[in-house]
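Asks: Give me the fold of what follows.
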Amino acid sequence: MSDENQDSRFSRRSVIHTVSGIAVTSSISGVVSGRANKNGRGNGNGRKGKQGDNNGGGPPTGSKNTCPKGTALLAKYEVEGGEFRFEEGSDFLEAGDSFDFTVTETKEDKEVLAFDFTSIDDVYDVHTISVKTGAGVFRKSIDDYEGSFDAQEHDGEGPVQAVSNVLLCSKVFWQADLGIGDVPEPPNYSAADAKLVRAALGNSTSPTKAENPTGDGGGSPDIGADEEFDIDFDAGTIEIGFTGNTDSQKIHLASFERPGPFKGEREFQYQDLFDTAVSTSTEDTLSVDIPTPEDYE
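Replies: Numbering: from 1, shown residues only. So this is what the prediction gives:
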């Protein structure tokens, strides 16, 4: 990504104020940032439009295979000749062909009935796997970077139909950083000249959750930043103000798409910038979009 900064020395946290949704305080060691270039309401380009959605849970949901409402597509795979072939991804995280599949059971003609999968780098968190067979579409909750599916456990009509395609679907994880200076590449504040002032993590998939790991700057200049972010999950925005940028420094607020629950520094290279806002004023309030499920419908 590009457009935020961070310093791993920060460990103090304060509670987020949410306009809509649920605020949760969590102790997370270190802080994070992002890597790419996306969309938003600040200086970036935010709100995106992407995949379709479908409702439902376990039983067949119809002929079209889509991710459940409130989630975003990570990757789609077609099954041909007993092998999984990457078909398409989405703009969310641009994960691409980042999963390995192992066939664990087949029919006599080698058509796939069951399989295991895993994120190659153990980083992309799959909330739901949506599998299309000849009998319909079946969904299974995963909430991990690896999982399995067996059509025989879902298709009770018999004979059990083979798997034809698979969707890996994610919660909409995000992060927002308030920092001083230019955004480092990779987005690791501890390895750059930029300084992290505040950071927030969360996801916009219902039930919405926000976590707010914040630092006092670790000795970086005090810009009089608010102690809390204001988050509106309904509008898909996050904002924070400051009143003490007396040296006219470049202050940035940026939001990022994230691959899942915080995994430390190895996560940085997988984050994608969603939106940015910049100010050099003595006092100002910066607001950016955060990713929401609606951005990927």
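
Asks: so where is the protein shaky, pLDDT-wise?
Replies: Low-confidence segments of the chain, defined by pLDDT under 70: 1-62, 184-187, 213-220.

Asks: tell me the residue furthest from the middle of it?
Replies: Distance from the C-alpha centroid of the chain, by C-alpha atoms, centre = their mean, peaks at residue 108 (39.5 Å).

Asks: where does that one land in three-state SS?
Replies: Of the three states, residue 108 takes coil under DSSP: H, G, I helix; E, B strand; the rest coil.

Asks: For residue 82, see how far away it is.
Replies: As judged by C-beta to C-beta, to the nearest Å, residue 108 and residue 82 stand 12 Å apart. All C-beta atoms are positioned from the backbone trio N, CA, C, and that covers glycine.

Asks: And residue 129, by the same measure?
Replies: From residue 129 to residue 82 the distance is 19 Å (C-beta to C-beta).

Asks: what does residue 155 give?
Replies: Using C-beta to C-beta, residue 155 is found at 18 Å from residue 82.

Asks: and if you look at residue 97?
Replies: Separation of residue 97 from residue 82 (C-beta to C-beta): 18 Å.

Asks: what do you get for residue 173?
Replies: Counting by C-beta to C-beta, the separation of residue 173 from residue 82 is 33 Å.

Asks: ok, back up a step: look at residue 155 and residue 82 and report which has more neighbours.
Replies: Each of residue 155 and residue 82 has its neighbours counted (other C-beta atoms under 10 Å); residue 155 has more, 21 against 14.

Asks: list the contacts for the more buried one?
Replies: Applying C-beta atoms under 8 Å, 6 or more residues apart in numbering, we find residue 155 in contact with 133, 135, 138, 161.

Asks: So what does the second one look like in phi/psi?
Replies: Dihedral angles phi and psi of residue 135 (degrees, to the nearest 10) take the values phi -100, psi -10.

Asks: do the same with residue 231
Replies: phi -120, psi 130.

Asks: And for it, the neighbour number?
Replies: 27.

Asks: quick one: it and residue 200 touch, right?
Replies: Yes. Using C-beta atoms under 8 Å, residue 231 is in contact with residue 200, at 7.2 Å.

Asks: wait, which of the contacts of residue 155 is closest to residue 67?
Replies: Proximity of the contacts of residue 155 to residue 67 was ranked by C-beta to C-beta; the top entry is residue 138 with 13.4 Å.
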